[in-house]
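S.K.: Generate coordinates for the sequence data below:
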Amino acid sequence: MKNPTFREIAAALEPARTVLVASHLRPDGDALGSTIAFALWLKSLGKEVTAWNEDGMLDKFRYLPEADLVSKPEGAGRKFDAFVALDTSVKNRLGTVLDAIEEPALFVNIDHHISNGRYGAVNYIDSSSPATGQIVFEFLKEIGAEITPAIAANLFAAISTDTGSFQYPSTTATTYRVGAELIEAGVNVGALSQAMYDSQPRRRLELLRHALNDAKFSEDGRVVSFSLTQDDVARLGVLPEDNEGIIDHLRSVDSVVAAVFFEELEGGKVRVSSRSKDPRVDVCKVCGVFGGGGHALASGARMAGPLKDAEEKFLKVLCDEVGRID
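M.R.: Next comes the predicted model:
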């Protein structure tokens, strides 16, 4: 389906006086950086802007300029002229944000996940883009908006965190050019990178220790997985935001093609995060079997527990997928 032009999206938002900007629950750097950058642009137009996320602003992303713009949803039945959802492939992943609002007159959906269901009235989905942050940059540049240092830093963080520091296969020459333009717009790369990658709480190191000790290899060492139970969470004192990126340490093993992280949630559900290093192993397809989605090389799902059953079911499908590349 053809996307609208960026100028058409800007024109659709132009009459709106009150705008809500939001992104998916359990947010990553792309979700929050894109949200703040888009909100700052809207505020520069004189609009009344609210930025929400079900989880609010996570402590690990407090380094983002204007981080206090993002808060948890408040009240119920709030009315907005327009709602912009960013980096959210499935509408219900907006979580409690949806419970707090009335249906807006305009619903804009901007994302880079191939599994996005185009649930908005206006949808801009570019699965070739490595990050929603890159789409937001291209949007702002196309319409001639000013890229302030604060907007630049948020978009640089969004792109850097979603490309593994400009390393993942989805990273292109365009991505590097966008990064260069953001640096020219005022990003302090050294300070921002230190905040993103060299300022982790000690409890995250304890979580990594747990992951390394718990790692289980299967399919001749090509699949690795680890699990985190509710008891582990209590023992280690970790927060949900500490989980991001742990799986990449296991994926770095040379024999590994796919890595999986199983997290036991309250209420008996199991959150699954999966990564692939081989384009022939589509973890989005595997997650799709269990109602999830994302990207071919990075996807997730939520499954019914108990944890051990979810592990067995998911690993059976994943190992079959890995076995097909022989």
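S.K.: what's the burial count for Val90?
M.R.: 17 (other CB atoms under 10 Å). For every residue, glycine as well, the C-beta is placed using N, CA and C.
S.K.: Name the nearest residue to it, ignoring sequence neighbours.
M.R.: In space, and not counting its chain neighbours, Val90 is closest to Gly117: 6.2 Å by CB to CB, 6 or more residues apart in numbering.
S.K.: for this structure, where's the lowest mean pLDDT among helices and strands?
M.R.: Every helix and strand in the chain was compared by mean pLDDT, DSSP states H and E; the lowest is strand 293-294, with a mean of 86.
S.K.: So which residues make contact with that strand?
M.R.: Residues outside strand 293-294 that contact it (CB atoms under 8 Å, 6 or more residues apart in numbering) are 89-90, 113-115, 283-284, 287, 299-301.
S.K.: ok, now with 7 Å
M.R.: 89-90, 113, 115, 284, 287, 299-300 (CB atoms under 7 Å, 6 or more residues apart in numbering).
S.K.: now, which of the residues you listed lie within strands?
M.R.: Here DSSP state E is the test, and those give 299-300 as lying in strands.
S.K.: Show me the strands in the stretch 151-300 of the chain, by range?
M.R.: In the stretch 151-300 of the chain, the segments counted as strands under DSSP state E, counting those that start in this stretch are 216-218, 223-228, 258-264, 269-276, 293-294, 298-304.
S.K.: Mind listing the strands the shortest one pairs with, and their directions?
M.R.: Strands flanking strand 293-294 in the sheet, each with its direction: strand 298-304 (antiparallel) (DSSP bridges).
S.K.: Just the mean pLDDT for the strand it pairs with, thanks.
M.R.: Strand 298-304 carries an average pLDDT of 93.
S.K.: where's it relative to the chain centroid, distance-wise?
M.R.: Averaging C-alpha positions (CA atoms, centre = their mean, to the nearest Å) puts strand 298-304 13 Å from its chain's average.
S.K.: and that strand, which residues are buried?
M.R.: Across strand 298-304, burial judged by 16 or more other CB atoms under 10 Å covers 298-303.
S.K.: could you check the angle strand 269-276 makes with that strand?
M.R.: 160 degrees (axes from the mean of the first three to the mean of the last three CA atoms, to 10 degrees).
S.K.: Show the subsequent helix or strand relative to strand 298-304.
M.R.: helix 307-323 (DSSP states H and E).
S.K.: List the buried residues for that next one?
M.R.: Residues 307, 310-311, 313-315, 318-319, 321-322 are the ones in helix 307-323 that count as buried (16+ other CB under 10 Å).
S.K.: likewise stretch 175-194?
M.R.: For stretch 175-194, by 16+ other CB under 10 Å, it's 175, 178-179, 181-182, 185, 187, 192.
S.K.: What is the nearest of the residues you listed to Leu106?
M.R.: Comparing the buried residues of stretch 175-194 against Leu106 with CB to CB places Val178 closest, at 26.9 Å.
S.K.: That closest one and Phe139 touch, don't they?
M.R.: No. With contact defined as CB atoms under 7 Å, Val178 does not reach Phe139; the gap is 11.7 Å.
S.K.: circling back: return the subset of the buried residues of stretch 175-194 lying in helices.
M.R.: Among the buried residues of stretch 175-194, DSSP state H puts 175, 178-179, 181-182, 192 in helices.
S.K.: Residue ranges in the stretch 151-300 of the chain under the pLDDT threshold?
M.R.: Of all residues in the stretch 151-300 of the chain, none has pLDDT under 70.
S.K.: returning to what we had before: pipe the buried residues of helix 307-323 into CSV and attach distance to Trp41 and pLDDT per row.
M.R.: Converted to CSV, the buried residues of helix 307-323 look like this (distance: CB to CB, whole Å; pLDDT from 0 to 100):
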residue, distance to Trp41, pLDDT
Leu307, 42, 97
Ala310, 41, 97
Glu311, 43, 97
Lys313, 43, 97
Phe314, 40, 98
Leu315, 43, 97
Leu318, 40, 97
Cys319, 45, 97
Glu321, 41, 95
Val322, 43, 96
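S.K.: Which of the strands of the stretch 151-300 of the chain sits closest to Ala16?
M.R.: strand 293-294 (29.1 Å).
S.K.: Could you check how far that closest one is from the centre of its chain?
M.R.: On CA atoms, centre = their mean, the centre of strand 293-294 falls 11 Å from that of its chain.
S.K.: can you check stretch 195-206 too?
M.R.: For stretch 195-206, the distance to the chain centre is 19 Å (CA atoms, centre = their mean).
S.K.: Am I right that Asn109 is in a strand?
M.R.: Yes. Looking at Asn109 with DSSP: H, G, I helix; E, B strand; the rest coil, it is inside a strand.
S.K.: Perfect, that will be all.
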